[in-house]
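Peer 1: Mind looking at a prediction? Sequence and model below.
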Amino acid sequence: MQPFIVKLDALASGTSRYDWHADAEFFAIFGNSEILDADLDISLVLRNHGVTVDASCEVEGHVTVACDRCLEDLELPVETSFEESYVLDDDLDFSQDIYDYVCTSLPLQRVHSEGECNQETVKYLSK
């Protein structure tokens with residue numbers, strides 16, 4: 001598992017920053033076979049208030065999926081962020097939040113720009 005867990009006993013009071021990277025293995029852990037590859041940089045800033053923690057997370061990079069039209073690899077940019085507040089009662093695992101925000105940031109229809117699809121496949125679609 002990739003390190004998207006913040007141990008509370010290591011969390012300093014005040015502001016802490018974590019920088020992580022996610023690749024295809026991260027999505028495979030969730031059973032997501034649609035994302036073939038990924039190169040995502042994740043920046044998390046935590047503000048520890050003692051009983052609660054405010055989290056601000058930014059995710060940037062790209063994922064590779066199959067084009068819905070020609071089934072060739074399609075690289076999609078990812079740029080998403082979220083802010084949440086958590087009660088300090090257990091270690092903080094940001095895996096599910098990161099996964100959800102990346103997946104919901106992707107378009108529903110995933111196709112190459114006009115003219116960029118595999119032409120051999122496209123010619124069969126027009127028959």
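Peer 2: That came through fine.
Peer 1: Flag every buried residue along the longest helix that the chain contains.
Peer 2: With secondary structure taken from DSSP state H, the chain has its longest helix at helix 95-105. Neighbour counts over helix 95-105 (16 or more other C-beta atoms under 10 Å) mark 95, 97-99, 101-103 as buried. For the C-beta atoms, the positions are set from N, CA and C on the backbone; glycine is no exception.
Peer 1: now, which of these sits nearest Leu76?
Peer 2: Of all these, Val102 has the smallest distance to Leu76: 10.2 Å, by C-beta to C-beta.
Peer 1: contacting residues around the most centrally placed residue in the chain?
Peer 2: The residue lying closest to the centre of the chain (C-alpha atoms, centre = their mean) is Val102, at 3.6 Å. Applying C-beta atoms under 8 Å, 6 or more residues apart in numbering, we find Val102 in contact with 22, 40, 59, 63, 78, 80.
Peer 1: hang on, Glu120 is in a helix, isn't it?
Peer 2: Yes. Counting by DSSP: H, G, I helix; E, B strand; the rest coil, Glu120 is part of a helix.
Peer 1: Done for today, thanks.
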